[in-house]
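Student: Here's a sequence, model it:
(one chain, ligands or ions: 1)
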Amino acid sequence: MKLQLALDRLTREECLRIAKETEESIDIIEIGTGVIKEYGMAIIREMRALFPDILILADMKTCDAGKHEARQAFEAGADITTVMAFSSDLTIKDTLQVAEEMGAQIMIDLLEVHSRDRLAELKELGVQLVSLHVGKDKQTEGKFNTALFSLVEGFDFEVAVAGGINLESLPEITTHHPDIIIAGSSITGAENPASVAAEMKK
Ligand SMILES: O=C(CO)[C@H](O)[C@H](O)COP(=O)(O)O
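Tutor: Below is the predicted model of the structure:
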């Protein structure tokens, strides 16, 4: 089970500091969508240079122009980039093709997707990695809960989970054996990010 640190709504300096403080406990550094909007591909390049041995995920949340955006992220040094599950099948196919060509990976973000039919279509398209995700705004109505695993039950996907996950909710979530736990604000907003990340990893 990998731990992915989501760096969202932070300055460049905060991203670098928190990644440095937590690097021993994390397997994947996620450059959040808002951070990419602020700093562009430059921050992915910078993180790649600073953390050559940690996987980097660019949370591009691509929903169109898939080939171009996937290439952009991978050329900047990302190992994984995200594509929205509601995107056209053509977009998903194109990004999977670019990932294969470049030896990288696509994570399909299931944000607001509730239909298992769509999961079957994603499987058919060749998707391997999906993320069950309760968005930031939706978290005001409730954070990630284990009932959400029913969407992917019976499908052979690698599964990441995200949406306000913290030390309190983690033990129940891990009983479902997701492949990747994504934690953002519970680490980045903590007084001591390194100790929360270490505790989560443990
Ligand atoms: O993709 C995201 C927001 O769209 C976040 O990376 C994800 O939700 C994890 O952050 P948090 O633990 O703060 O919810």
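
Student: okay, CA-based contacts and neighbour counts for the rest of this
Tutor: Will do.

Student: Moving C-terminal from the longest strand along the chain, which element do we reach first?
Tutor: Determined from DSSP state E, the single longest strand within the chain is strand 55-62. Heading C-terminal from strand 55-62, the first helix or strand you meet, by DSSP states H and E, is helix 66-76.

Student: On the C-terminal side of that following helix, identify the next helix or strand.
Tutor: strand 80-84.

Student: Could you report the distance from Thr33 to Gly40?
Tutor: The gap separating Thr33 from Gly40 is 10 Å, by C-alpha to C-alpha, to the nearest Å.

Student: neighbour-wise, which of the two wins?
Tutor: Neighbours were counted for Thr33 and for Gly40 using other C-alpha atoms under 10 Å; Thr33 has more, 19 against 15.

Student: need the contact list for Thr33.
Tutor: Contacts for Thr33 (C-alpha atoms under 8 Å, 6 or more residues apart in numbering) come out as Asp8, Ala58, Asp59, Met60, Lys61.

Student: now with 10 Å?
Tutor: Going by C-alpha atoms under 10 Å, 6 or more residues apart in numbering, Thr33 touches Ala6, Leu7, Asp8, Arg9, Gly40, Ala58, Asp59, Met60, Lys61, Thr62, Thr82.

Student: Give me the pLDDT value at the fifth one.
Tutor: Note on Gly40: pLDDT of 98.

Student: Kindly report the same for the second one.
Tutor: For Leu7, the model assigns a pLDDT of 98.

Student: mind checking the SS state of Ala120?
Tutor: helix (DSSP: H, G, I helix; E, B strand; the rest coil).

Student: my read: it touches Gln128, true?
Tutor: No. Contact criterion C-alpha atoms under 10 Å: Ala120 and Gln128 do not qualify, at 11.6 Å.

Student: Settle it for me: which of these two has more neighbours?
Tutor: More crowded of Ala120 and Gln128, by other C-alpha under 10 Å: Gln128, with 16 against 13.

Student: What ranges does this protein have for its helices?
Tutor: Taking DSSP state H as the criterion, the chain carries its helices at 12-22, 33-39, 41-50, 66-76, 89-102, 116-125, 170-174, 185-188, 193-201.

Student: among those helices, which is nearest the ligand?
Tutor: Each of those has some distance to the ligand by C-alpha to the nearest ligand atom; the shortest is helix 185-188, at 3.8 Å.
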